[in-house]
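Novice: After the sequence you'll find the predicted model.
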Amino acid sequence: MSDINKKVGLNIRKIREEKDLSQEKLAALANLHRTYIGQIERGEKNIGLKNLEKIAKALKVNIRDLL
């Protein structure tokens, strides 16, 4: 995958861990599947804007914090 996917994934993981959330908990808060969260964090999936917004809301951060 591209560098942007890896960067976004690492940012999501960093913020998720800072908030002491598991991938499973984040997935539940964002109404997404846990394996999808893992794939995003590893940069394996190209995340869509709607899902990026769901994750940002679940993490209570601005989308730009994930970019």
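Specialist: The structure has been received and is ready for your questions.
Novice: could I have stretch 60-67 exported to PDB, CA atoms only?
Specialist: In PDB, the C-alpha atoms belonging to stretch 60-67 read as follows (Å, rounded to 0.1, in the frame of the first residue of the first chain):
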ATOM      1  CA  LYS A  60     -12.900  12.000  19.600                       C
ATOM      2  CA  VAL A  61     -10.300  13.700  17.400                       C
ATOM      3  CA  ASN A  62     -10.400  15.800  14.200                       C
ATOM      4  CA  ILE A  63      -9.900  14.000  10.900                       C
ATOM      5  CA  ARG A  64      -6.800  16.000  10.300                       C
ATOM      6  CA  ASP A  65      -5.200  14.500  13.400                       C
ATOM      7  CA  LEU A  66      -5.300  11.100  11.600                       C
ATOM      8  CA  LEU A  67      -3.700  12.400   8.400                       C
END
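Novice: What are the buried residues along it?
Specialist: Across stretch 60-67, burial judged by 16 or more other CB atoms under 10 Å covers 61, 66. Placement of C-beta: from N, CA and C, glycine included.
Novice: How about residues contacting that stretch?
Specialist: By CB atoms under 8 Å, 6 or more residues apart in numbering, the residues outside stretch 60-67 that reach it are 7-8, 11-12, 15, 19, 52-53, 55-56, 59.
Novice: Those: which two are farthest apart?
Specialist: Distances among those were taken as CB to CB; the most separated pair is K7 and K19, at 18.9 Å.
Novice: got the residue ranges for the helices in the protein?
Specialist: Remark: helices assigned in the chain by DSSP state H are 3-18, 23-30, 34-41, 49-59, 63-66.
Novice: can you put those in a markdown table and add mean pLDDT?
Specialist: A markdown table is the format used below for these (pLDDT from 0 to 100):
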| stretch | mean pLDDT |
| --- | --- |
| helix 3-18 | 97 |
| helix 23-30 | 98 |
| helix 34-41 | 97 |
| helix 49-59 | 98 |
| helix 63-66 | 96 |
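Novice: any idea how far the residue nearest the centre of the chain is from D20?
Specialist: Nearest residue to the geometric centre of the chain (CA atoms, centre = their mean): I12, 4.2 Å. Separation of I12 from D20 (CB to CB, to the nearest Å) stands at 14 Å.
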